[in-house]
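1. Give me the fold of what follows.
(2 chains)
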Amino acid sequence: MKLNPTKRLAVGLLAAALPLSLAACAKGGSSSAGGAGGELTMWTHNAGNKDELASITQIVNDYNKSQTKYKVKIQAFPQDSYNQSVVAAAASKKLPCILDIDGPNVPNWAWAGYLAPLEGMDATLSKFLPSVIGKYNGKTYSFGYYDVALVNVTRKSTLDKYGIRVPTIDQPWTKDEFTAALKKIKASGAFQNPLDIATSFTGEWWPYAYSPMLQSFGGDLINRTDYKSADGALNSDKAVEWAKWFRSLVTDGLAPLKSGADPAKDFVNGKTAILYNGTWTATDTRKAFGKDTLFLPPADLGNGPKIGGGSWQWGVSTNCADPKGAMDYMKFAAQDKYVASVSSATKNIPATDAAATQVPGYGPGGDNQVFRDYAKKYAVLRPITPGYPFIATEFTKTAQDILNGADPKGALDQAVKDIDANQKSNGYFK
Amino acid sequence: MILPAAVLLITFLLIPIGLTLGLAFTDARLISPRPAQFIGVDNFTRLFSDDTFWKSLRNTVLFAIVIVPVQSACALGLALLVNVKMRGVNFFRTIYFLPVVTSMVVVSMLWLFLYQKNGLINQVLAKGGITGPDWLGDPHTALIAIILMSAWQAMGFHMVIWLSGLQTISGDLYEAASLDGASQWQQFRYVTWPGLRQTRTFILITITIAAFSLFTQVNIMTQGGPLDSTSTVVLMAVRTGFQQQQTGYASAISLVFFVLVLIVTIIQRYYTREKA
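-> Next up, the predicted model:
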């Protein structure tokens, strides 16, 4: 068995060149991008989400039947690898005509020149919730069919049993009230987890779900006046206070360090007393507990309750060979009936008032109306800066470290240092 | 004759290496309308002052130091076990080789469940009265958990290599040794071990290189956490290059990694060279 030294090295070299070779693979993988011959390619992150994909497919089928000039073709990706696929495709100019984008990434892709502004849709889009519109530098690049609200899901019988006040949108729990309630539930020993904040979710969930807690304390991911530095926002005293509180959830035994694979199931099975989650859990939890289910506003941790705004949105790429066709589709797809069908398929908040009346529970006085109220009152958009994807990964890592016991001030300072270095090395995205 | 190989080597080896070398000194980004600029050794100064990098490097080296002897010794043990003339020996060879043909992604998902706090491993430990740790959630046990699982997965492959080495040793030698009254251990020490010289070198180098490029398991099981206790150099390069879109910085990490593997390989090559 003789191998010459260069071949032995080859293995190591290949590993070293991994990022580049991966990019090369992605380049070769997408042959049918663009939009030649009236065919418009569309990418979506919905491969693993049957209901949402079905509702999008329905829109596309309707559109393809409604005219003969263009034909939209869907390609669905699993959510976990979607962003990377798009970025790799963008780097090699193989983007599809129409694609969906996670809301906070819109400024990044718009700044990079991968998204074309949506034109002639202002009148239509003015009826949408502001949090579902992707804007950057005064131009609109994307719109979404739905928004999501973060809620504390629990049962009225649980709160009554332990003598805990049911909070309302006008009078949410204060931080002390929230902690006291959790401690009371813990003392009873009736639940494995008094609170479950779904730490088993990965990716964008971390900044989406936990940066509102930071903002509720009075910190933020970055200074929003000029979006230049995170210094004084992400490492302020308030932010350190948040970090200590966040860690104390675990050390005081109020929330598990790592949630189960399906936190909603743990709640339904009675393992969890209060579940922090998105509105998408409403259907299943209601099915389990009926009228006993409560969807409470997040606690006011000092600076008012906050929830993340903005979810998946649709846009048009600059790479499209037939932008007119893409825009035509976007206008067709922005009809109220589609807003209604997609938001009911995803069990989320419909983006327009007209659609809301068609979605069960979101009509006047409907059970789900409360989610729209939360979204309108508490939603904070994630920072509108092209630096967001970096901030998101940095925050995720920092929050994970803090939850695992890293020194709060030190971890936050390090995150600030990294974020500032990235903002600076990009010329502050001017 | 040499043309196809040369084209492949140049496209997939030399050009990427050249690009990495060049990009490491720029601030190139994956997504950006701004052209990349030459920034000298900034990436390297930043890298060497980054705690996560040192932790990743330490983990990578630790992983290699533990896994090279453990995995090769276990594989040799298995190879000796299945290198007997006995009915059904092929059955055992197949069983030991199974984890190798299973995708690392699948194996990682599987072990993710085994390692859970109330997973199979801790259930078994509980039967013996031991309260198992949260293997992947505890900074003290996460790396060792990944090491054990990786050794288990790759062991079968090196068993086959050892086995092929064992079978090149002529039976006459063993016969002669036993005539001279050599014990089992002496036979192993003075016949088997010297006979495996070439195989040893190959196994040492392949395990080391595979160990340094540790990525898949970590990416699936822990994403480098908790508290960077399982972060590795390759994981850091991928995270920086893709999620954080810093192509230049990621290239610098890759370059450092390349030099590291190069040095280790040269050292190993030197010590295992054929002494003329």
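2. Can you name the next helix or strand after the helix or strand hosting B:R58?
-> The secondary structure element spanning B:R58 is helix B:51-82 (assigned by DSSP states H and E). Using DSSP H and E, the helix or strand that follows helix B:51-82 in sequence is helix B:89-101.
3. List the buried residues of that next one.
-> Using 16 or more other Cβ atoms under 10 Å in any protein chain shown as the burial criterion, the residues of helix B:89-101 that qualify are B:R93, B:Y96, B:F97, B:P99, B:V100. Quick note: C-beta positions are derived from backbone N, CA and C, even for glycine.
4. If I follow the layout properly, the fourth one ends up in contact with B:Q153?
-> What that stands for is B:P99. Yes: using Cβ atoms under 8 Å, B:P99 makes contact with B:Q153 at a distance of 4.7 Å.
5. Now do the shared contacts for the two.
-> B:V107 (Cβ atoms under 8 Å, 6 or more residues apart in numbering or on different chains).
6. so where's the chain shaky on pLDDT?
-> I'll assume chain A. Across chain A, the stretches falling below the confidence threshold (pLDDT under 70) are A:1-37.
7. nope, chain B please
-> B:275-276.
8. which parts of the stretch 51-200 of chain B sit against chain A?
-> Selection of the stretch 51-200 of chain B residues close to chain A by Cβ under 8 Å from any Cβ of the partner chain yields B:D51, B:K117, B:D134, B:G137, B:P139, B:I161, B:S164, B:G165, B:Q198, B:T199.
9. my guess is the fifth one meets B:T222, correct?
-> No: look at B:P139 against B:T222 with Cβ under 8 Å: they stay out of range, at 10.0 Å.
10. Please identify every residue contacting each of those two.
-> Common neighbours of B:P139 and B:T222 (criterion: Cβ under 8 Å, 6+ apart): B:S229.
11. who has more neighbours, the two?
-> The residue with more neighbours, out of B:P139 and B:T222, is B:T222; 25 against 15, by other Cβ atoms under 10 Å in any protein chain shown.
12. That one and B:H140, how far apart?
-> Counting by Cβ to Cβ, to the nearest Å, the gap between B:T222 and B:H140 amounts to 13 Å.
13. Repeat that for A:S259.
-> A:S259 is 21 Å from B:H140, where distance means Cβ to Cβ.
14. Same check on A:S85?
-> When A:S85 is compared with B:H140 (using Cβ to Cβ), they lie 36 Å apart.
15. between A:S259 and B:H140, which one's more packed in?
-> Set side by side, A:S259 and B:H140 show unequal neighbour counts under other Cβ under 10 Å, the larger going to A:S259 at 19 against 10.
16. From what I see, that one and A:S200 are in contact.
-> Yes: when contacts are counted by Cβ under 8 Å, A:S259 is listed as touching A:S200 (4.1 Å).
17. Quick one: neighbours of B:F202, just the number.
-> Other residues close to B:F202 by other Cβ under 10 Å number 20.
18. Ok, A:N368 next?
-> A total of 23 residues lie near A:N368 under the criterion other Cβ under 10 Å.
19. show me the contacts for the residue nearest to it when sequence neighbours are not counted.
-> Take A:N368 and drop its neighbours on the chain: the residue closest to it by Cβ to Cβ, 6 or more residues apart in numbering or on different chains is A:G361, 3.5 Å away. Under the criterion of Cβ under 8 Å, 6+ apart, the contact list for A:G361 reads A:D367, A:N368, A:Q369.
20. With adjacent residues omitted, what lies nearest to A:P167?
-> A:W173 (4.6 Å).
21. Quickly note the distance from that neighbour to B:V100.
-> For A:W173, the distance to B:V100 (Cβ to Cβ) stands at 54 Å.
22. how about the strands in the stretch 201-350 of chain A?
-> Counting by DSSP state E, counting those that start in this stretch, the stretch 201-350 of chain A has strands at residues A:272-278, A:293-296, A:307-309, A:312-317, A:349-350.
23. Buried deepest among the ones you listed, which one?
-> For these, the largest average neighbour count (mean count of other Cβ atoms under 10 Å in any protein chain shown) is found in strand A:349-350, namely a mean of 29.
24. on contacts alone, who are the packing partners of that strand?
-> strand A:146-147, helix A:336-346, helix A:369-378 (3 or more Cβ pairs under 8 Å, 6 or more residues apart in numbering or on different chains; DSSP states H and E).
25. Put the alpha carbons of the last one into CSV.
-> C-alpha atoms of helix A:369-378 as CSV (Å, rounded to 0.1, in the frame of the first residue of the first chain):
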residue,chain,number,x,y,z
GLN,A,369,-58.1,38.3,16.8
VAL,A,370,-55.9,38.7,19.8
PHE,A,371,-52.8,37.6,17.8
ARG,A,372,-53.3,40.5,15.4
ASP,A,373,-53.7,42.8,18.3
TYR,A,374,-50.4,41.6,19.8
ALA,A,375,-48.6,41.9,16.5
LYS,A,376,-49.9,45.5,16.0
LYS,A,377,-49.1,46.6,19.5
TYR,A,378,-45.8,44.8,20.4
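26. contact partners of it?
-> Contacts to helix A:369-378, defined as Cβ under 8 Å, 6+ apart, come from residues A:129, A:131, A:147-151, A:169, A:212, A:279, A:282, A:295, A:297-298, A:304-307, A:309, A:349, A:356, A:361-363.
27. and what of the second one?
-> Contact with helix A:336-346 is made by A:49, A:51-52, A:54-56, A:58-59, A:128, A:145-146, A:280, A:349-352, A:354-356, A:358-360, A:362, as judged by Cβ under 8 Å, 6+ apart.
28. just how off-centre is the helix or strand encompassing A:L159 within its chain?
-> Counting by DSSP H and E, the element that carries A:L159 is helix A:156-161. A distance of 31 Å separates the centroid of the chain from that of helix A:156-161, by Cα atoms, centre = their mean, to the nearest Å.
29. ok so, going back, nearest to A:R155, of the contacts of A:G361?
-> Proximity of the contacts of A:G361 to A:R155 was ranked by Cβ to Cβ; the top entry is A:D367 with 15.1 Å.
30. measure A:I384 to B:K117 for me?
-> For A:I384, the distance to B:K117 equals 40 Å [Cβ to Cβ].
31. likewise A:M327?
-> Relative to B:K117, A:M327 is positioned 52 Å away (Cβ to Cβ).
32. Same check on A:P408?
-> Using Cβ to Cβ, A:P408 is found at 25 Å from B:K117.
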